[in-house]
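Enquirer: Sequence and predicted structure below; questions after.
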Amino acid sequence: MEAERAIRTRRSIRVFEDESVSKEDIEGILEAGRWAPSGLNNQPWKLVIVEDKEKAREISSYTHYRSIVENAPLLIAVFLDTDASYDRDKDIMAIGALIQNALLAIHARGLGAVWLGEILNKKEMVREALQVPKEYELMAVIAVGRPGEEPEEKPRKPLTDLILHHF
């Protein structure tokens, strides 16, 4: 039941307090992420942790959500390891599971985060800024910090709108 509550109460946080994320919290978040399921247990992900404000400022120039990236105390860039990949679709889904695990761990620790996808429009520039080799493809950037806002619950479609068939 605890997991279901965390799933239902997690929100995307786009405004952060000016407070760093502890090493213990960073390790716990990454640890939760690494337990995500992956096909053949290939774990096709690599992560870059950004706490440096100058590096965050540089990365922020590659997205319309500049202020979120600039003001987050912690960024986690998530990459697909194309050398470890055996099925691109499955591996991208596995990375989605890693991100969801991380988001839930962030929420459980009283922190907030937002999963940034628009930054993928400039993924090569981000990869180069982070000095990551070409065999790694950017999948997302997660902005993390102590919440500086309390977003309202957004409505979800009813289950009846989601189910095509029930045999």
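Expert: That came in fine, so what should we check first? Being a predicted model, the structure only gives us computed values, none of them experimental.
Enquirer: the longest helix in the protein is where?
Expert: With secondary structure taken from DSSP state H, the chain has its longest helix at helix 88-108.
Enquirer: so after that helix, what's the next helix or strand?
Expert: strand 112-116 (DSSP states H and E).
Enquirer: so after that following strand, what's the next helix or strand?
Expert: Downstream of strand 112-116, the next assigned helix or strand under DSSP H and E is helix 123-129.
Enquirer: Output the contacting helices and strands for that following helix.
Expert: Contacts defined by 3 or more Cβ pairs under 8 Å, 6 or more residues apart in numbering; DSSP states H and E place helix 123-129 against helix 53-60, strand 136-145. C-beta here means a position set from N, CA and C on the backbone, and glycine is covered the same way.
Enquirer: List the buried residues in it.
Expert: The neighbour-count check on helix 123-129 (16 or more other Cβ atoms under 10 Å) flags 123, 125, 126, 127, 129 as buried.
Enquirer: got a list of what the last one touches?
Expert: Neighbour list for residue 129: 55, 58, 59, 62 [criterion: Cβ atoms under 8 Å, 6 or more residues apart in numbering].
Enquirer: thinking again about what came up before, can I get the longest helix of the chain in PDB? Just the C-alpha atoms.
Expert: Extracted in PDB, the C-alpha atoms of helix 88-108 (Å, rounded to 0.1, in the frame of the first residue of the first chain):
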ATOM      1  CA  ARG A  88      16.300  -0.600 -28.500                       C
ATOM      2  CA  ASP A  89      12.600  -0.600 -27.700                       C
ATOM      3  CA  LYS A  90      13.000  -2.800 -24.600                       C
ATOM      4  CA  ASP A  91      16.000  -0.900 -23.500                       C
ATOM      5  CA  ILE A  92      14.300   2.400 -23.700                       C
ATOM      6  CA  MET A  93      11.400   1.000 -21.700                       C
ATOM      7  CA  ALA A  94      13.900  -0.200 -19.100                       C
ATOM      8  CA  ILE A  95      15.300   3.300 -18.800                       C
ATOM      9  CA  GLY A  96      11.800   4.500 -18.300                       C
ATOM     10  CA  ALA A  97      11.500   2.100 -15.400                       C
ATOM     11  CA  LEU A  98      14.800   3.400 -14.000                       C
ATOM     12  CA  ILE A  99      13.600   6.900 -14.200                       C
ATOM     13  CA  GLN A 100      10.200   6.000 -12.500                       C
ATOM     14  CA  ASN A 101      12.100   4.200  -9.700                       C
ATOM     15  CA  ALA A 102      14.300   7.200  -9.200                       C
ATOM     16  CA  LEU A 103      11.300   9.600  -9.200                       C
ATOM     17  CA  LEU A 104       9.500   7.500  -6.600                       C
ATOM     18  CA  ALA A 105      12.700   7.300  -4.400                       C
ATOM     19  CA  ILE A 106      13.100  11.100  -4.700                       C
ATOM     20  CA  HIS A 107       9.500  11.600  -3.600                       C
ATOM     21  CA  ALA A 108       9.800   9.100  -0.700                       C
END
